[in-house]
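Fold the following and give me the result.
(2 chains)
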Amino acid sequence: MGELAAFIILAIVTLLPAVVVVTSRNLVRAAMSLIPSFLGVTGLFVLLQAEFVAGIQILIYAGAIAVLILFVIMLTQGGTGTALRQVNEQQLVGGLVAGALTIALLGLLLRTPWPLVGGTLPRSNVAAVGGAFLTNFILAFEISSLVLLVSLVGALVIARREQ
Amino acid sequence: MQVGLNHYLAVSALLFGLGLYGILTRRNAVAILMGIELMLNAANINLVAFNRYVAPGALAGHVFALIIITLAACEAAVGLALVLAVYRNLETIHVDEINVMKW
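A predicted model of the protein is given here:
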């Protein structure tokens, strides 16, 4: 019962700010609304016993990405004023397409008989995730570190002011 | 009533739809990136929920969610750098006005 109440509250905390993110005319307000949405997702991860993912979610999404987006909004003043039109001409079609896809996804996901398995996750999640990263998923781990390095250098090169 | 897999799948489908709506209707490149972040979050909820309810012993869902978070950070950094470069050259970040390949 308490789990259900927590789930409903976290779902509302996730979805309501997300509505503001995609509809608000004020882009700073939209970017600030990303933070409660990310925190709601973090709560859902905690409910799903994924503590390590939840911690990383707070650090990277709520901490780094939200601040990065706010910075770029501040740096590109010419495109972000509230007087400017923020939606394109396809608002109606886009809404219809997004709504249709959401309904299709809901029908598909909720009707499929998933092979549910009872059981609990390992007690110490963090150690198990770390072990999995350095044994079974070592290739994915190394490749993602390489991608991080490349994107770091690439972002610097792209954003640098040309002489 | 217990919270089951379907509850999480419903929330993630709704979040995905909201992100898609943002991507399809926004003019501002930064706002489109925000929609992409919402969609990646929806995918992460799905991965972790399937890990919890379908394969509780495997942890592969957690690993993939962490890799997706890493790639989302990369994508945000490179995407926002591109937005800055475009703004410096064209004085706009509205994607319907960025219509030259070279000048």
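
how about low-confidence regions in chain B?
Along chain B, segments meeting pLDDT under 70 span B:102-103.

For it, which segments count as strands?
In chain B, no strands are found when defined by DSSP state E.

pull the longest helix from it.
helix B:60-90 (DSSP state H).

touching chain B at all, stretch A:55-71?
Yes: counting by Cβ under 8 Å from any Cβ of the partner chain, chain B has neighbours in stretch A:55-71: A:Ile56, A:Gln57, A:Ile60, A:Tyr61, A:Ala64, A:Ile65, A:Leu68, A:Ile69, A:Phe71. Every C-beta, even on glycine, is put in place using the N, C-alpha and C of the backbone.

I'd like the mean pLDDT over that stretch, please.
For stretch A:55-71, the mean per-residue pLDDT is 91.

circling back: do the longest helix of chain B and chain A come into contact?
Yes: legend: contact between helix B:60-90 and chain A by Cβ under 8 Å from any Cβ is shown at B:60, B:62-63, B:65-67, B:69-78, B:80-85, B:87-88.

would you list the residues of stretch A:55-71 next to chain B in a markdown table and tack on secondary structure and neighbour count?
What follows is these, written out as a markdown table (DSSP: H, G, I helix; E, B strand; the rest coil; neighbours: other Cβ atoms under 10 Å in any protein chain shown):
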| residue | secondary structure | neighbour count |
| --- | --- | --- |
| A:Ile56 | helix | 20 |
| A:Gln57 | helix | 26 |
| A:Ile60 | helix | 18 |
| A:Tyr61 | helix | 25 |
| A:Ala64 | helix | 14 |
| A:Ile65 | helix | 25 |
| A:Leu68 | helix | 20 |
| A:Ile69 | helix | 25 |
| A:Phe71 | helix | 13 |
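
Can you give me the neighbour number for B:Ala55?
Neighbour count for B:Ala55, taken as other Cβ atoms under 10 Å in any protein chain shown: 15.

and what of A:Leu148?
By other Cβ under 10 Å, the residues close to A:Leu148 number 15.

And A:Ala18, by the same measure?
If you count neighbours by other Cβ under 10 Å, A:Ala18 ends up with 30.

Wait, it touches B:Leu18, no?
Yes: judged on Cβ atoms under 8 Å, A:Ala18 makes contact with B:Leu18 at a distance of 4.6 Å.

list residues touching both of these two?
In terms of Cβ atoms under 8 Å, 6 or more residues apart in numbering or on different chains, A:Ala18 and B:Leu18 are both contacted by the residues B:Leu38.

re earlier: could you flag which of the residues of helix B:60-90 next to chain A are buried?
Neighbour-count burial (16 or more other Cβ atoms under 10 Å in any protein chain shown) is assigned, among the residues of helix B:60-90 next to chain A, to B:62-63, B:65-67, B:69-70, B:72-78, B:80-85, B:87.

quick one: the helices in chain A?
In chain A, the segments counted as helices under DSSP H are A:2-23, A:27-47, A:51-56, A:66-75, A:91-111, A:125-134, A:138-159.

of all the ones you listed, which gets the most neighbours per residue?
Across those, averaging neighbours per residue (mean count of other Cβ atoms under 10 Å in any protein chain shown) puts helix A:27-47 on top, at a mean of 22.

which strands and helices sit next to it?
For helix A:27-47, the elements it packs on are helix A:2-23, helix A:51-56, helix A:66-75, helix B:5-25, helix B:29-53, judged by 3 or more Cβ pairs under 8 Å, 6 or more residues apart in numbering or on different chains; DSSP states H and E.

so that helix versus helix B:60-90, what angle?
On the basis of axes from the mean of the first three to the mean of the last three Cα atoms, to 10 degrees, helix A:27-47 is oriented at 170 degrees to helix B:60-90.
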